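Chemist: Attaching a predicted model along with its sequence, questions to come.
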Amino acid sequence: QVQLDESGGGLVQAGGSLRLTCAASGATLTRYTMAWFRQAPGKERELVAAVNWSGIWSYIADSVKGRFTTSRDNAKNPIYLQMNSLKHEDTAVYYCAVGRGKILTTQDVDYWGKGTLVTVSS
């Protein structure tokens, strides 16, 4: 069983930065894709960023492109989400996720973290 623990969420003013960290435990993760999703109140969970085990394939949502970046140490954890120039609309619970192949939807996820709240004040 894989356990994912997110950290780094909190309250920040618009224009500020936060870095989220996701650490995996309970099993050896190799050749897994790791990803970040977010879910704002009243909205569906959406993919923000993903990177595969080698770092060769990655994805960043258009809504955060140029502001957010994700990185990992090849097949090892943790995975990071660096969030810069935060906007009020980035307010959401951010979830770490792991899957065996590419992650583009929630259906591609095998394991979920419990989430960490990011609140951006305008």
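Modeler: Cool, the structure landed.
Chemist: Mind checking which residue lies nearest the centre of the chain?
Modeler: Taking Cα atoms, centre = their mean as the criterion, W36 is the residue nearest the geometric centre of the chain, at 2.0 Å.
Chemist: so who does that one touch?
Modeler: Neighbouring residues of W36 by Cβ atoms under 8 Å, 6 or more residues apart in numbering: 20, 22, 47-50, 70, 79, 81, 94-97. For glycine as for every other residue, the C-beta is placed from the backbone atoms N, C-alpha and C.
Chemist: Can you tell me the element it falls in?
Modeler: strand 33-39 (DSSP states H and E).
Chemist: distance between the helix or strand just after that strand and the chain's centre?
Modeler: Note on strand 33-39: by DSSP H and E, the next helix or strand toward the C-terminus is strand 46-51. Here the centre of strand 46-51 is set off from its chain's centre by 6 Å, with Cα atoms, centre = their mean, to the nearest Å.
Chemist: And the helix or strand following strand 46-51, what does it pack against?
Modeler: Using DSSP H and E, the helix or strand that directly follows strand 46-51 along the chain is strand 58-60. Applying 3 or more Cβ pairs under 8 Å, 6 or more residues apart in numbering; DSSP states H and E, we find strand 58-60 packed against strand 46-51, strand 68-73.
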